[in-house]
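In: Got a predicted model here, sequence first, then my questions.
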Amino acid sequence: MMTGRHVQLLRALLAAVAAAMITFSPDHSAEVGLAVFSGFAVASAAVLGLATWLVQPQGERGRLVLLAAVYLVAGVVSGLPQLRNTTVLFAVLIAWGLLAGLVELIIGLVERRAGRETARDTIGVGALGLVLALAVAIVPTGYRLDYFIEDAGRSFTLTGTIIAVGLLGGYAALVAVWLGIAGLSPRPTAVSGPRAASAAEAAPSASIPSAPTPKDPQ
């Protein structure tokens, strides 16, 4: 049976794959960034969709459905080859980061009010999405810096697109670590069964003074 821990581990795995693809790719163009993000977003939407019906209690599925929809729409838009350019990269990352981060943050706050153990992790991922959106928003789309490294013997160019794709990779790496630790951490369990009975027997009990017995008449 699928549980909240399984959802966290699956999302961590998808984020780790996205982070690795960006990190080890020599091409940080808008096309590559959007292609990696598209796969990550669509796969995450599928995981969230499964969690909606298999994990989320009935009556509390609306917010998770909305989160899955945000991931799916962003993934589909970024997956269209004709839209893979710098402007769309920035627009998708900012809009998706704000919407998904806000929705996940709200879900986490609701979970915390209900006393669920996944609340802190959900809030953390939502906050990371908002940070990604703000970080990408302050990067100029037309930024360009040409520099020369003597040890390498060649010139390099740093652009706003490369920075945005790098921020996406950093976000994915942080989410992978965050949810991976959350999914693998032991959960507190209540003491029950024979151990609880033994604990109850071992606990000192208050002695109740007994009523004095009447003396035998002489």
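Out: Cool, the structure landed.
In: Which SSE is immediately downstream of the stretch of helix or strand residue 90 belongs to?
Out: Counting by DSSP states H and E, the element that carries residue 90 is helix 86-113. Once the chain leaves helix 86-113, the next helix or strand it forms, by DSSP H and E, is helix 119-137.
In: which residues sit against the following helix or strand past that next one?
Out: Next helix or strand after helix 119-137 toward the C-terminus (DSSP H and E): strand 144-149. Identification of contacts with strand 144-149 by Cβ atoms under 8 Å, 6 or more residues apart in numbering yields 154-160. All C-beta spots, glycine's among them, are computed from the backbone N, C-alpha and C.
In: For strand 144-149, the averaged confidence score.
Out: Summarised as a single mean, pLDDT over strand 144-149 is 84.
In: Please apply the same query to stretch 85-102.
Out: Rounded mean pLDDT across stretch 85-102 is 97.
In: Going by neighbour count, which residues of that stretch are buried?
Out: 86, 88-94, 96-102 (16 or more other Cβ atoms under 10 Å).
In: which residues does the residue nearest the centre of the chain contact?
Out: Centroid-nearest residue in the chain: residue 125, 3.9 Å away (criterion: Cα atoms, centre = their mean). With contact set as Cβ under 8 Å, 6+ apart, residue 125 has these partners: 11, 104, 108, 175, 178-179.
In: same thing but 7 Å
Out: Contacts for residue 125 were tallied using Cβ atoms under 7 Å, 6 or more residues apart in numbering; they are 104, 175, 178-179.
In: Which members of the residues you listed occur in helices, if any?
Out: The helices, defined by DSSP state H, take in 104, 175, 178-179 from the contacts of residue 125.
In: Pick the one among these closest to residue 25.
Out: Of all those, residue 175 has the smallest distance to residue 25: 18.3 Å, by Cβ to Cβ.
In: Tell me which helix or strand the spatially closest residue to that closest one that is not a sequence neighbour sits in.
Out: The shortest distance from residue 175 to any non-neighbouring residue, by Cβ to Cβ, 6 or more residues apart in numbering, is to residue 15 (4.1 Å). In the assignment (DSSP H and E), residue 15 maps to helix 4-23.
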